Each structure stands twice: as C-alpha cells, then as structure tokens.
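Trainee: how would this look folded up:
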Amino acid sequence: MSAQGPATGLRTLVAAAGAFFLVAGFLGRLPAAMNQLGLLLIVSASGRGLALAGTTVAAVGLGTALSAPVIGRLVDRYGPVAVLAGGAAGQVAGLAGVLTALDRSLPGTVVLACAALVGLANPQAGSITRATWSALSRREEDPSHCLRTIRAGLGVESAADEVSFVVGPVSVGVLVTLLGAQGATAGLIVSTVVGEGLLIAWLLSRPGLLGPARRTPATGPGAGAADARGAAGTRGAAGTARTGTPWRSLAPVLAAITAVGVVFGTTQTALTAVHTAHGTPGLTGPVYGSMGLTSALAGVLTPSWPRGPATKMVVGGLLVALGSAALMTLPGTAVTVGVILLMGAGVGTTLVTAYTLLEAQAVGGRVTSLMTLGATANILGVSASSVVTGLIGHNLHLGYAPAVLAGSVLVVLGVRVVPAQHGPRTSAAP
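Mentor: Numbering: from 1, shown residues only. Purely as a prediction, here's the structure:
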C-alpha cells in the first residue's frame, strides 16, 4: 500500500463517517482534555496548594483507571449510547461537588472524592471514536480501502486528542483567569453536556455500529472484506491462529502509552509550578497547550511516514527525552514554547504508532476494550507523574525529570521490543 497524504486520508474519513462525526468526536473528547488541567488550575487558584491540586489530578486519573476497563466492556457488550449518557451525568455531579467543596472550604478529602467521581464517570469518548473507525473500516468491501480507513482514522484520532489538548488547556486557562473557580467549573460542566450530547446524537444515527450487533456474522456487501480483516486480526506475525487477547505483545504497547501519559502529567504539573513561582499562572494553559499543535500534525502525518513502528517510537522518545532535559534548565518562555513544540512532535508520533499497534491486536469484538486499556495506561501515567511532580515541584529544576525518564523508556522500547510488533495488520496487507 502506498503512502497517502493527509488530504486523501481526510477525504477517506469523510466518505466513511461524514464530517459531523469528525466534529462530534472532537467535542466529545474535549471534556477529558479540560477536566484534569482544569481541576489542577481551579484547586490551585482556590489557594488550597499545589500538592492538593496535583493529587486532585491523580484522583481523576485513578478513577478513570479503575472504571475504564469496565466501561470498555460495557460498550462492547451493550453499545456506547447509554454509557456516554451515564458518564456525562456522573461527571457533571462530580464537577458540581468539587465546586461546592471549594466554596465551602470542605476538607481536601471531599475534593478528592468528587474528583475521583469525575474520573470514574469518564465515558471514554476517545476510545469509543477509535473503535468506531475500526468498525467502519471492517464494513469496507475493498481490503485496501479498509486499511486506508483504519490507518487514517487512528491518525486523525491522535490528532484530535492533541488538538483537544491545545483547545482544552487554553480554554481552561482563560476561564480561570476571567471567571475564577466558579466560572471555570461551570464551563467544564457545559462542555461535558454539549460534547457528549453531540457524540450520542451521531451514534444514535448509526444503530448497531458498536456493541452486540458487531458480534453477529457479517452478511451482504463488504462481508468478505470484514471477515478477511477479522481473520487477519486474529493471527500473529508468524501466521498462527490466536484465540484470545495477546497480553504479552500488548504489554510494550501499553508501556509506551503509559510513558506518554507520564510526559503529559509531568509537563502540565511542572509548568504550573514554574509559572506559579514566576507569578504568571495564566501562561500555564497556553504554553502546555502548544504541545498539541505539533502533536496533532504528527498524528496526521505519521501514518504516511514510510518507516516501521520501531523507528517512529525511537524518534518520538528522543524528542521527548531531549526536550524534557532542556526544560530542566528553566529557559525563558519563548524557548520553553519551542521545546514544547518539539516534544509535541515526539508525543504525536508515539501515540499514533502505539494505538495502531493496539488496534491491530483486537480480537473477538473487543476493540473498545483495548482502546480503553490504552486510555487507562495513559491516565495512569498522567496520575503517577502528577503526584511525583507535585511532590518534587518545589525544586523547579527537578520537576521535568519523570518526563526525561519516560522518553528514555520509549527509546528502549523502540530499540529492543517494538520491532517484533509489526503485527497482524501489516502482515495481512494486500
């Protein structure tokens, strides 16, 4: 299969799902991009301290990590609409609880409990949209078109993740600066209702795309391609049949996604500490959000880059490690933004590579489950690094150390492990 350009890939996706799905998928994941940094800034702005703010982010992440595998299985078994609706309601309740706890100066444990509810109720919109592209591609009659759809879809998903991490932090930073904690929390609530509502509306227009209907045998046009692709997805690189989830081959992919989460959590918390110390807390959102610009571009371009996953992961890891090491020197704002942009390119390259490898391992109608495992790995990385960076953040030079370690891990995975992960999709390519 020849490399495709971004414009060709976008046309393929619009033809497969429609432009409204691209918009709904982006807005549906936007609350997740806003909630963690939003709560970090809101708690910090309330005067409760950086330690509680960082732990609040960890509470959201822990809640998400606990519930994500269950949510993935519920979506695979019952469909995404009810899960999205229930998750949105739970997140609204959790955000309202955080606001009440801060306004009434309730103990930090109450803040953390409400933040954990926000995480527990995370409906995993990004995992659902990734699984949707997989389902749409399986309906393609032409196997080569099927491959183009899934590769372009996962590339755009990574780009959407990163664009949301531009829009989300900047929006939260503006809300906190202009409206304070109450207005910012209200903004998070509105974004949750609108974003999840639009995604639910699109899914209602495509009944049976995800959930129980996908486990029935395919019939009609496109059934042969779907069956062939499904068979390819259940065979390893050596061609042997696989009947269950390949946990040994998934482990390095999940480790890579966890490392990317460490980069996110470390960078946002360390930047908060630096700008708070310098008296410029309003810059945290825009500077951190700039990472998403190059990450989004890398997410779109990486599927067209004619290199193997090992090379892509090594390059991504090097950009992350070197950039994080440079930030430990505490450069000025302009240089910091430049370094963050380079790190974003590394993050985007790594994420789209890892999620492509992850999707290729999906068997038995468990695409959403595996995508939520990837999201869980990312959140665990964010949570752990937020706590660690919050504890060591008083030493501004050491704050970025976890991200340096994460980048080094990505390089090691690319050199030592990922070459065996070319996986079933490429081995079965026409």
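Trainee: does G25 touch A201 like I think?
Mentor: No. Under the contact definition of Cβ atoms under 8 Å, G25 does not touch A201, with a separation of 11.9 Å. C-beta here means a position set from N, CA and C on the backbone, and glycine is covered the same way.
Trainee: give me the more crowded residue out of those two.
Mentor: Neighbour tally, G25 and A201, criterion other Cβ atoms under 10 Å: the higher count belongs to G25, 27 against 12.
Trainee: can I assume the more buried one sits in a helix?
Mentor: Yes. Under the criterion used here (DSSP: H, G, I helix; E, B strand; the rest coil), G25 sits inside a helix.
Trainee: ok, for it, nearest residue in space, not its chain neighbours?
Mentor: T129 (4.0 Å; Cβ to Cβ, 6 or more residues apart in numbering).
Trainee: for the one you found, give me its contacts.
Mentor: If you count contacts by Cβ atoms under 8 Å, 6 or more residues apart in numbering, T129 has them with 21, 25, 28-29, 157, 160, 199.
Trainee: show me what counts as buried in whatever helix or strand it lives in.
Mentor: Using DSSP states H and E, T129 falls within helix 125-138. By 16 or more other Cβ atoms under 10 Å, the buried positions in helix 125-138 come out as 125-138.
Trainee: and what of stretch 187-198?
Mentor: 187-189, 191-192, 195-196, 198.
Trainee: swap in stretch 66-76?
Mentor: 67-69, 71-72, 74-76.
Trainee: same list, those, but as TSV with pLDDT and secondary structure please.
Mentor: Supplementary listing: those in TSV, determined by pLDDT from 0 to 100; DSSP: H, G, I helix; E, B strand; the rest coil:
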residue	pLDDT	secondary structure
S67	87	helix
A68	81	helix
P69	82	helix
I71	87	helix
G72	82	helix
L74	84	helix
V75	83	helix
D76	78	helix
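Trainee: any chance of those residues in a markdown table, with distance to T333 too?
Mentor: Formatted as a markdown table, the entries for the buried residues of stretch 66-76 read as follows, by distance: Cβ to Cβ, whole Å:
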| residue | distance to T333 |
| --- | --- |
| S67 | 37 |
| A68 | 35 |
| P69 | 40 |
| I71 | 39 |
| G72 | 40 |
| L74 | 44 |
| V75 | 42 |
| D76 | 45 |
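Trainee: in what helix or strand does G323 lie?
Mentor: Secondary structure assigned from DSSP H and E places G323 in helix 309-327.
Trainee: count of residues packed around L204?
Mentor: Under the criterion other Cβ under 10 Å, the count of neighbours that L204 has is 9.
Trainee: which residues touch it?
Mentor: With contacts defined as Cβ under 8 Å, 6+ apart, the neighbours of L204 are V81.
Trainee: one more: V352?
Mentor: For V352, the set of contacting residues under the criterion of Cβ under 8 Å, 6+ apart consists of 154-155, 157-158, 298-299, 302-303.
Trainee: from D161, how far off is T376?
Mentor: Spatial separation of T376 from D161 under the definition Cβ to Cβ, to the nearest Å is 15 Å.
Trainee: report the separation between the residue nearest to G25 and R104.
Mentor: The gap separating T129 from R104 is 37 Å, by Cβ to Cβ.
Trainee: nothing else from me, thank you.
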